[in-house]
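[1] for reference, the sequence and a predicted model appear below.
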Amino acid sequence: MTIAKVEEQRAKKIQQNNQRDVHVTVETGCEHGVWNRNPVPVQPEGSDIDPIPEQLKKSYIDPTLEFVFKKAESTIESNVLVKCCMNEKRRHRGSERFGWFQYKLHVSFQCKKRYAAKPSKSELLGSQTLKTSYMEQKQTNPFQFKLKATGGAPGIANLQTSMSKSLASTSKQTVSEMEYEFISGTRFCANCTDKGGSRPKSRYMFKLWPKVPTNKLPNKSDKVKHTGMLSTVSPNFKANWSVKRQVICKYELKVKRHACELVLVAGKPKTWWGQWKQNLSCDRNKMLQTYRVTLYINHKMSNIETLAEFERPLWKDNPKNKLVGLGVRPSSPASDEGSSNTE
């Protein structure tokens, strides 16, 4: 075989490799024990009191990112999965405390280089769609007016109202429906709030729905309705990024988690129809956990044809390759820097 033939076959092999996809999985590492209270409590000088409640010390955030590099199409697919775990073993079991739970999550993935990439609309993975319906019935005769309204989503919340009044004779029925996305198996309603502009961002907000009652501790049936607030919740979404500038770009994954504890408080008794009744309410203790991790993604996808492995896993002790750097640029030497920053 001639040298020219060998070079021709080698060029074809490189071209074929150039067309294939290369997968990179990034395990950023979990963070726990870093919580901010708002407002931050002022501790006495020299105090050794731990401001982090014991129930939150093992409540961690653990993201995983998966990328698919398509050099022929100048596209990078991103898949963001974040495990938000609550410390179920440390729940309060007393009658006056409900325990700490998560009620709001913010997850975003952003390109920090101006005009370097344009993402497609984010798509929530592992979700379920539920319809909320609202039906209103009006029926009157010369002697009585009746209004009955029902609303809510099956298994989550129901609303019923009724009233009566004397009016003229009419009849009317109205039915309306709306669809909502939830993290599968939980009561966290998803709201996509992608941001465009020069530094685009794919982001979601997840809120516990319906809201936890603030005037009493949730009972057993309420706990079923609010599945997920006391256990692990795993938001998962993806977006495709079209490469606009072939440079090494800084990206940032940011997760914010709001946690809350309800504590039953007895207020002054009130009279009701001549009888004294205990006035109970709930105080809210709130904490915020913020997690950040920086990645450097190679838009040039240089040397993609020389990567022999189909999947390229990265983690704290193996923080970079030619395509992705976890807290360190892919083109620079590996360092022992931490993979994430929390605040």
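    Looks like it arrived, so ask away. Because the structure is predicted, anything quoted here is derived from the model rather than measured.
[2] list the contacts for the nearest residue to Asn36 once chain neighbours are set aside?
    Leaving aside its sequence neighbours, Asn36 sits nearest to Leu288 (Cβ to Cβ, 6 or more residues apart in numbering; 4.8 Å). To be clear about C-beta, it is placed using only N, CA and C from the backbone, and glycine gets the same treatment. Counting by Cβ atoms under 8 Å, 6 or more residues apart in numbering, Leu288 touches Trp35, Asn36, Arg37, Asn38, Lys256, Arg257, His258, Ala259.
[3] next, the distance between the ends of stretch 119-127.
    21 Å (Cα to Cα, to the nearest Å).
[4] quick one: contacts of stretch 190-206?
    Stretch 190-206 has contacts (Cβ under 8 Å, 6+ apart) with 78, 80, 104-115, 117-119, 121-122, 124, 127, 180-183, 188-189, 207, 233, 235, 237, 239.
[5] type out the ChimeraX command that picks the buried ones from those.
    The ChimeraX command for the buried members of these (criterion: 16 or more other Cβ atoms under 10 Å) is given here:
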select :78,80,105,106,107,108,109,110,111,113,117,119,122,124,127,180,181,182,183,188,189,207,233,235,237,239
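[6] in strands, which of the contacts of stretch 190-206 appear?
    78, 80, 104-111, 117-119, 124, 127, 180-183, 188-189, 207, 237, 239 (DSSP state E).
[7] so what sits opposite His106 in the bridge?
    Assessed by DSSP bridges, His106 has beta-bridge partners Met205, Lys256.
[8] tell me the contacts of it?
    The contact partners of His106, by Cβ under 8 Å, 6+ apart, come to Arg203, Tyr204, Met205, Phe206, Lys254, Val255, Lys256, Arg257.
[9] looking at these, which has the most residues close by?
    In terms of neighbour count, Phe206 stands highest of the contacts of His106 at 27 neighbours, by other Cβ atoms under 10 Å.
[10] distance-wise, check that residue relative to Arg187.
    Applying Cβ to Cβ, to the nearest Å, the value for Phe206 to Arg187 is 10 Å.
[11] with Asp62 instead?
    Distance from Asp62 to Arg187, by Cβ to Cβ: 21 Å.
[12] could you do Asn321 as well?
    For Asn321, the distance to Arg187 (Cβ to Cβ) stands at 39 Å.
[13] just want to know which of the two has more residues nearby.
    Using other Cβ under 10 Å, the more surrounded residue of Asn321 and Arg187 is Arg187, with 24 against 19.
[14] wait, isn't that one in contact with Lys207?
    No: if you go by Cβ atoms under 8 Å, Arg187 and Lys207 don't touch, sitting 9.4 Å apart.
[15] so the protein: which segments form each domain?
    Split into domains by automatic domain parsing, the chain comes to 19-39+51-126+184-342, 127-180.
[16] ends of the shortest one, what's the gap?
    Distances were taken as Cα to Cα; on that basis the terminal residues of domain 127-180 are 10 Å apart.
[17] would you mind measuring from the residue lying closest to Asn87 once chain neighbours are set aside to Asn298?
    Spatial nearest neighbour of Asn87, chain neighbours left out: Lys58 (4.0 Å); criterion: Cβ to Cβ, 6+ apart. Distance from Lys58 to Asn298, counting by Cβ to Cβ: 36 Å.
[18] higher neighbour count, the two?
    Neighbours per residue (other Cβ under 10 Å) separate Lys58 from Asn298, with Asn298 holding more: 24 against 14.
[19] for the more buried one, what are its contacts?
    Ile248, Lys322, Leu323, Val324, Pro330, Ser331.
[20] any idea how many residues pack against Ile61?
    Neighbourhood size, Ile61 [other Cβ under 10 Å]: 25.
[21] please, which helix or strand holds it?
    strand 60-70 (DSSP states H and E).
[22] which residue ranges form the helices in this structure?
    3-19, 220-225 (DSSP state H).
[23] and the first one, what's its mean pLDDT?
    Per-residue pLDDT over helix 3-19 has a mean of 53.
[24] can you flag the weakest of the domains of the chain by average pLDDT?
    Averaging pLDDT over each of these puts domain 127-180 lowest, since it has a mean of 61.
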